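Student: I'll drop the sequence and a predicted model, then ask my questions.
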Amino acid sequence: MSETAVAPPGTPNPAHAARIPQPQPEAEEVYRRWIGFLDEEFTKHQAAERRAEIVRDQLFQLYLGRPHGGKLNFTLTSELPLNVLQLSLDPGNITLEAEHYPDVDQERFARSKPLLWFWIMFDRSPIGLNHWLGIRFRCMLGRHLFAKMGKKVRIDHGVELTLGYNLSIEDGVIVRQRALLDDRAEIRLGQGCVIGNYARIYSHTHDKNDYDKVIFAATTIGARARVGAHTTVLAGTNLPEGQIVGPQGTADEQR
């Protein structure tokens, strides 16, 4: 009698495992056209002012369902909350925490700021939890924000960035939801590494004897390394290739 292999309980069905969730064809076409349009616009326009206008116009439609334009009515107290919302959709009218840091390269940050605001506000918009669209949207922005952006990268909802321009991401990296990439100095994410939910990756620390003195140190996560959920990676860490740091851990392996 021939033997029949029986999969252990809980083993995924191969047919299910191979399935990749997709939007409906009409929606996918619109999503791809929108991302392609934005990619072209940010490629053509490097100036901070023009990028801010593009982001403002896009956010107006995402949040208010109409194009930007027309004069605001500042005379009615009842419309002040709407005025605040409309004005805050323009990156030129908001401030980010990074702008308070004295070490910020003002010229580079000026170009990054509109895209950082777009990143933040997309995730907080009604479509921010659209997984298929969100992954592709963030990868598109990353090509214009980061020092390097690899292929087949997945960045989930709510990932926080500090500057953007000090971040290098290799092919196949996965950054899960709500992780922090605090790139005040260089952060390098090696090929195929995984950063878990709510992980914190730092590139700055403070002098033990003088807390007001900030120390910057490049942080590297090696290829195929795994950083568990709620884990902290301290500035200057060089996590070796394939290394695993479990959930709620601390990584401080130095060069």
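Tutor: In hand now; what should we look at?

Student: a helix runs through L181, doesn't it?
Tutor: No. L181 is assigned strand when assessed by DSSP: H, G, I helix; E, B strand; the rest coil, not a helix.

Student: need the contact list for it.
Tutor: Listed by Cβ atoms under 8 Å, 6 or more residues apart in numbering, the contact set of L181 reads V159, E160, L161, T162, L167, V175, I187, I195, I201. No exception for glycine: its C-beta is placed from N, CA and C like everyone else's.

Student: switch the cut-off to 10 Å
Tutor: Contacts here follow Cβ atoms under 10 Å, 6 or more residues apart in numbering; on that basis L181 touches 146, 155, 159-164, 166-167, 169, 175, 187, 189, 195, 199-203, 219, 233.

Student: low pLDDT regions in this protein?
Tutor: Filtered on pLDDT under 70, the chain yields the residue ranges 1-18, 253-255.

Student: so what's D207 closest to, chain neighbours aside?
Tutor: Using Cβ to Cβ, 6 or more residues apart in numbering and skipping the chain neighbours, the partner closest in space to D207 is K213 (3.9 Å).

Student: which residues sit in contact with the one you found?
Tutor: Neighbour list for K213: T205, H206, D207 [criterion: Cβ under 10 Å, 6+ apart].

Student: Check R111 too.
Tutor: By Cβ under 10 Å, 6+ apart, R111 lies in contact with F42, H45, Q46, A47, A48, R51, A52, D105, H144, L145, G164, Y165.

Student: what's the helix or strand for the residue lying closest to the third one once chain neighbours are set aside?
Tutor: I take that to be Q46. Spatial nearest neighbour of Q46, chain neighbours left out: R111 (6.2 Å); criterion: Cβ to Cβ, 6+ apart. Here R111 sits within helix 106-124, counting by DSSP states H and E.
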